[in-house]
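Novice: got a predicted structure plus its sequence, pasted below:
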Amino acid sequence: MEPFESDRLIYLIVLLAMVAGWFFMNNRISMNKTLQYAAIWGMIFIGGAAAVGLWEDIRRDADRAQIGVTREGTIIVPRAFDGHYYLSAAVNGANVRFVVDTGATDLVLTQDDAARAGLNPETLAYQGRANTANGEVRTAYVRLDEVRLGPASDYDVPAVVNAGEMNQSLLGMGYLQRWGRIEIANNELILSR
């Protein structure tokens, strides 16, 4: 434990002991009521400690916008709390949330996202195969009329619809290579053309 953290812990323990001592001294007559108050203050203390412990994470996530666009058209995506980069793009006019996956070859849509983008997943020809972390899945190759990310629009974009269970659509290298520069620095993904 760091010296700074030890000092804080000692201070909190002394503060808790003083509050508890005050309650016991003031309420010696009704011990049951004193124990109730002690339990309430204990819960308040634990809640406060949890809020202080999580405050940096809460503040960091609240301060960051999902996506930033510079005047030059550069897209800046902050890293999420789980370590991934998420962004939303308009696919055939429908808003689709992607996880950036440099290990994925293609732009991969879930069946739900494909349907929202105007494709009918039930009528697609799932003739392709892809090896994923969950094993082999069937895929259908499609062409998207438009993918719009920030100020940039791409037309006739090749993509894949996954026949398997997927929680999130993937923005893979098939789309990312359309950007002239892909950079990860200071917990941000930077895309520029």
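Specialist: Looks like it came in fine.

Novice: in the chain, where is pLDDT below threshold?
Specialist: Applying pLDDT under 70 to the chain flags residues 1-4, 23-24, 27-29, 31, 34, 56-66.

Novice: now the residue nearest the centre of it: how far from Y86?
Specialist: Geometric centre of the chain, nearest residue: A80, 4.4 Å, by Cα atoms, centre = their mean. Counting by Cβ to Cβ, to the nearest Å, the gap from A80 to Y86 is 6 Å. Bear in mind the C-beta positions are built from the backbone N, C-alpha and C, glycine included.

Novice: what's the strand ranked longest in the chain in contact with?
Specialist: When the chain is parsed with DSSP state E, its longest strand is strand 135-149. Residues from elsewhere that reach strand 135-149 (Cβ atoms under 8 Å, 6 or more residues apart in numbering): 75, 87, 89-93, 107-109, 114, 117, 119, 121, 124-130, 153-164, 175, 191.

Novice: what's the distance between it and the middle of its chain?
Specialist: Chain-centre distance of strand 135-149: 22 Å, with Cα atoms, centre = their mean, to the nearest Å.

Novice: starting from that strand, tell me which strands it pairs with and how they run.
Specialist: When pairs are called by DSSP bridges, strand 135-149 turns out to pair with strand 86-91 (antiparallel), strand 128-132 (antiparallel), strand 152-162 (antiparallel).

Novice: tell me which of those is the most buried.
Specialist: strand 86-91 (a mean of 19; mean count of other Cβ atoms under 10 Å).

Novice: following element in sequence after it, please.
Specialist: Next helix or strand after strand 86-91 toward the C-terminus (DSSP states H and E): strand 94-100.

Novice: show me which residues of that following strand are buried.
Specialist: The neighbour-count check on strand 94-100 (16 or more other Cβ atoms under 10 Å) flags 96, 98-100 as buried.

Novice: which residues are in contact with stretch 41-56?
Specialist: By Cβ under 8 Å, 6+ apart, the list of residues contacting stretch 41-56 from outside reads 12, 16, 19-20, 23.

Novice: in JSON lines, list these along with neighbour count and secondary structure.
Specialist: Formatted as JSON lines, the contacts of stretch 41-56 follow (neighbours: other Cβ atoms under 10 Å; DSSP: H, G, I helix; E, B strand; the rest coil):
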{"residue": "L12", "neighbour count": "14", "secondary structure": "helix"}
{"residue": "L16", "neighbour count": "14", "secondary structure": "helix"}
{"residue": "V19", "neighbour count": "16", "secondary structure": "helix"}
{"residue": "A20", "neighbour count": "16", "secondary structure": "helix"}
{"residue": "F23", "neighbour count": "18", "secondary structure": "helix"}
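
Novice: and the helices in this structure?
Specialist: 3-26, 31-63, 111-116, 173-176 (DSSP state H).
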